[in-house]
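J.: Can you look at this prediction? I've put the sequence above it.
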Amino acid sequence: MHDDHEEYLKTILELFRREPRGLSISDISREIGLNRNSVSKYVNMLTIAGKIEMKVVGPAKVYFLSERIPVSAMIEFSSDGIVLLDDGLRIVNANDRYLSLINRPKNEIVGVSIKDTDLLLLSSDIFITSVPRYGEGEKRIDDLLFMDGGEIRHFSIKILPAVFEGGKAGFVVIIEETTERWRTEETIRSALSEKETLLRELHLRVKNNLQLIASLINLQMMENSDDSISHALREAQNRILSLSIVHELLYAREVIGVVDMDDYLFLLAAELKRSFDLPDGSISHSVPGDGVTLDTDHAIAVGLIVNELTTIAIEAALRDNSPFTVEITLEERGDGHHLTVRSQYGHHTPEGLAITLVRTLVNKELGGGFEILPDGWEVVF
């Protein structure tokens, strides 16, 4: 009886080889003189074995000779190590790439359970516990390590449920060595870390140099009795310190090149209060929402703009000898960033160097717009 089954299977396969356009169950039944139920059984066996495929053509099911190459015939074409396991985790086949990794011949491992031997990567607990259960899909092990003569080697593994020739279930294991990739990535990470360290050192040195210049200007102010010269020196000093604060923040942050504007405006306001010897509460700032971060160039431009506009308001209030407050707000909206500096003093001051500097920064550095409000100024960018 078994011989009859084998003969019918061979006969049906031969029919498909002669009819590349495909055959239906009825076509096969007529050709070999066998009833449709028996033909359906043999066709199902061949389909499960991956030797024929079914396509729906109109109302009929038409079967074709499979164009798929059996897994066992493909594994030698891969540059990765490939091992075929049955559902009991016994080795069905392995390609030369994996055999060269373990330095063992194929006949020593085929038929052996990976649980009962010591095979590189496959016999590890992490691999065995990662094998998919029934109904689960592909599983991955992203970085599996082992020591080879004192050297660490890295591997990435995929475990794919599969059906082999004859309809037997099992797994295809693809083992990719990632040691060189890992070394390259480690080299890049090391280079980036060194670059960030150098950038932080650069920001620190720039900050220190700017603060040194500000200190020299302060000494010059102390020796000078001319109010107009002292006024000009203090404005220059505050501009330099606003730049220094940016580099101080960049040195302290983990992400180089990005400035937290809430921190920046806080330090800038504190420096202006110190410079003009103002009481607490005279300058306030807010950054609504989740905060705002800007790149270095935009942050410097915003800091200089805030410095100029706040200075105008402070000096106007001091000339009138009147109490005042300056409110600085920076928020991100749908149409961009909105910076406002509000005060009851200063916004009607005739335009001079400070406003000219602000307009230049807004146009050339921020690419935005500048507007004078009834109680201050607004920059949108």
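T.: Yep, that arrived.

J.: from here on, contacts and neighbour counts on C-alpha atoms
T.: Fine.

J.: where along the chain do the helices fall?
T.: 2-18, 25-32, 36-48, 71-74, 96-102, 106-109, 125-128, 179-223, 227-252, 261-276, 296-320, 353-360 (DSSP state H).

J.: got the angle for the longest one vs helix 227-252?
T.: In this structure, helix 179-223 runs at an angle of 160 degrees to helix 227-252, with axes from the mean of the first three to the mean of the last three Cα atoms, to 10 degrees as the basis.

J.: Now do helix 179-223: which elements does it pack against?
T.: With contacts defined as 3 or more Cα pairs under 8 Å, 6 or more residues apart in numbering; DSSP states H and E, helix 179-223 has these neighbours: strand 151-163, helix 227-252.

J.: low-scoring stretches of this protein, by residue?
T.: Scanning the chain for pLDDT under 70 picks out 1-3, 49-50, 67-74, 135, 165-167, 254-255.

J.: Would you confirm that Ser29 contacts Ser40?
T.: No. Ser29 is beyond contact range of Ser40, at 9.1 Å (criterion: Cα atoms under 8 Å).

J.: How is this protein divided into domains?
T.: The record's domain parsing of the chain by automatic domain parsing lists 2-65, 71-177, 193-380.

J.: I'd like to know which of the ones you listed lies nearest to Thr187.
T.: Closest to Thr187 of the domains of the chain is domain 193-380 (Cα to Cα; 9.8 Å).

J.: and the closest one, how far out from the chain's middle?
T.: Its chain's C-alpha centre and that of domain 193-380 lie 34 Å apart, by Cα atoms, centre = their mean, to the nearest Å.

J.: For that domain, measure first residue to last.
T.: When the termini of domain 193-380 are compared using Cα to Cα, to the nearest Å, they are 36 Å apart.

J.: do stretch 245-262 as well
T.: Its first and final residues considered, stretch 245-262 spans 12 Å by Cα to Cα.

J.: which parts of it are buried?
T.: For stretch 245-262, the neighbour count (16 or more other Cα atoms under 10 Å) marks 245-251, 256-262 as buried.

J.: Nearest to Phe127 among those residues?
T.: Relative to Phe127, the closest of the buried residues of stretch 245-262 is Ile256; by Cα to Cα it sits at 39.7 Å.

J.: Not counting residues beside it along the chain, what's closest to that closest one?
T.: Distances taken as Cα to Cα, 6 or more residues apart in numbering put Leu250 closest to Ile256, at 6.0 Å, once the chain neighbours are dropped.

J.: mind listing what Thr360 touches?
T.: Applying Cα atoms under 8 Å, 6 or more residues apart in numbering to Thr360 gives no contacts.

J.: Next, work out how far apart it and Arg234 are.
T.: 21 Å.

J.: Of all the residues in stretch 343-358, which ones are buried?
T.: Buried residues in stretch 343-358 (16+ other Cα under 10 Å): 343-347, 354-355, 358.

J.: what about dumping the CA coordinates of it to PDB?
T.: Taking C-alpha atoms only, stretch 343-358 is exported to PDB below (Å, rounded to 0.1, in the frame of the first residue of the first chain):
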ATOM      1  CA  SER A 343       7.600  96.800  30.900                       C
ATOM      2  CA  GLN A 344       5.900 100.100  31.700                       C
ATOM      3  CA  TYR A 345       9.100 101.900  30.700                       C
ATOM      4  CA  GLY A 346      11.400 102.000  27.700                       C
ATOM      5  CA  HIS A 347       9.300 100.900  24.700                       C
ATOM      6  CA  HIS A 348       8.700 104.500  23.600                       C
ATOM      7  CA  THR A 349      12.500 105.300  23.700                       C
ATOM      8  CA  PRO A 350      13.700 106.700  20.400                       C
ATOM      9  CA  GLU A 351      15.500 104.000  18.300                       C
ATOM     10  CA  GLY A 352      19.200 103.900  18.800                       C
ATOM     11  CA  LEU A 353      22.100 101.400  18.700                       C
ATOM     12  CA  ALA A 354      20.200  98.900  20.900                       C
ATOM     13  CA  ILE A 355      17.100  98.700  18.700                       C
ATOM     14  CA  THR A 356      19.200  98.700  15.600                       C
ATOM     15  CA  LEU A 357      21.100  95.700  17.000                       C
ATOM     16  CA  VAL A 358      17.800  93.900  17.900                       C
END
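
J.: Does Leu84 touch Ala94 like I think?
T.: Yes. Contact criterion Cα under 8 Å: Leu84 and Ala94 qualify, at 6.2 Å.

J.: what about the two, which has more around it?
T.: Just comparing Leu84 and Ala94: by other Cα atoms under 10 Å the higher neighbour count belongs to Leu84, 25 against 22.

J.: circling back to that earlier point, looking at the buried residues of stretch 343-358, which one is closest to Leu15?
T.: Val358 (86.4 Å).

J.: The closest residue in space to that closest one that isn't next to it in sequence: how many residues sit nearby?
T.: Counting by Cα to Cα, 6+ apart, Ile305 is the residue found nearest to Val358 once chain neighbours are left out, at 5.4 Å. Number of residues near Ile305 (other Cα under 10 Å) recorded here: 25.

J.: gap between Ile305 and Ser242?
T.: From Ile305 across to Ser242, the span is 10 Å (Cα to Cα).

J.: Same question for Ile300.
T.: For Ile300, the distance to Ser242 - Cα to Cα - is 8 Å.

J.: So between the two, which is more surrounded?
T.: Shown here are Ile300 and Ser242; by other Cα under 10 Å, Ser242 has more neighbours (26 against 22).

J.: Wait, the more buried one touches Asn307, no?
T.: Yes. Using Cα under 8 Å, Ser242 and Asn307 qualify as a contacting pair, with a distance of 7.2 Å.

J.: Show me whatever sits in contact with both of the two.
T.: Common neighbours of Ser242 and Asn307 (criterion: Cα under 8 Å, 6+ apart): Leu268.

J.: give the contact list for the residue lying closest to Ile114 once chain neighbours are set aside.
T.: Leaving aside its chain neighbours, Ile114 sits nearest to Ser123 (5.3 Å; criterion: Cα to Cα, 6+ apart). Applying Cα under 8 Å, 6+ apart to Ser123 gives the contacts 114-115, 117.

J.: Brilliant, that's me finished.
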